[in-house]
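Trainee: model the following, please.
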Amino acid sequence: MKRRSKEEWLTLFDEHKTSGLSATAFCHEHGLNVQYFGKRRMQLLGNNNINSTSSFLPVAVTGRNIAGMVELQLDETLRLKIPLSVSPTWLVELIQQLQA
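Mentor: Model prediction:
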């Protein structure tokens, strides 16, 4: 793995922010390990790395309860029912891929 200076990492974070790509896609294009990319971003930027133009949508809680399942809905076009047993890491990766 190539050693990068703080300035090089900050440049990469800026490029990622303006690229419109998910972290996974950006890291793949640049030959970076996505977990290490996230770790360095947190180390160097702390919580200030949150993109203010995030494409996450507001969440509404309904009275409907599906035992042992989480239901995610995007507009009227996509609805996912996911077991509570899935790994949070897997769920984050799924959401990132859906955003790409």
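Trainee: where along the protein do the strands fall?
Mentor: All strands of the chain, identified by DSSP state E, fall at 69-74, 78-83.
Trainee: what angle do the last one and strand 69-74 make?
Mentor: In terms of direction (axes from the mean of the first three to the mean of the last three Cα atoms, to 10 degrees), strand 78-83 departs from strand 69-74 by 160 degrees.
Trainee: could you point out the longest helix in this protein?
Mentor: Longest helix of the chain, by residue count under DSSP state H: helix 6-19.
Trainee: that helix: which residues count as buried?
Mentor: By 16 or more other Cβ atoms under 10 Å, the buried positions in helix 6-19 come out as W9, L12, F13, H16. Using the backbone N, CA and C atoms, a C-beta is placed for each residue, glycine as well.
Trainee: check those and tell me the two furthest apart.
Mentor: Between any two of the buried residues of helix 6-19, the greatest separation by Cβ to Cβ is 10.5 Å, found for W9 and H16.
Trainee: by mean pLDDT, which helix or strand of this structure comes out lowest?
Mentor: One helix or strand of the chain scores below all others by mean pLDDT, DSSP states H and E: strand 69-74, with a mean of 78.
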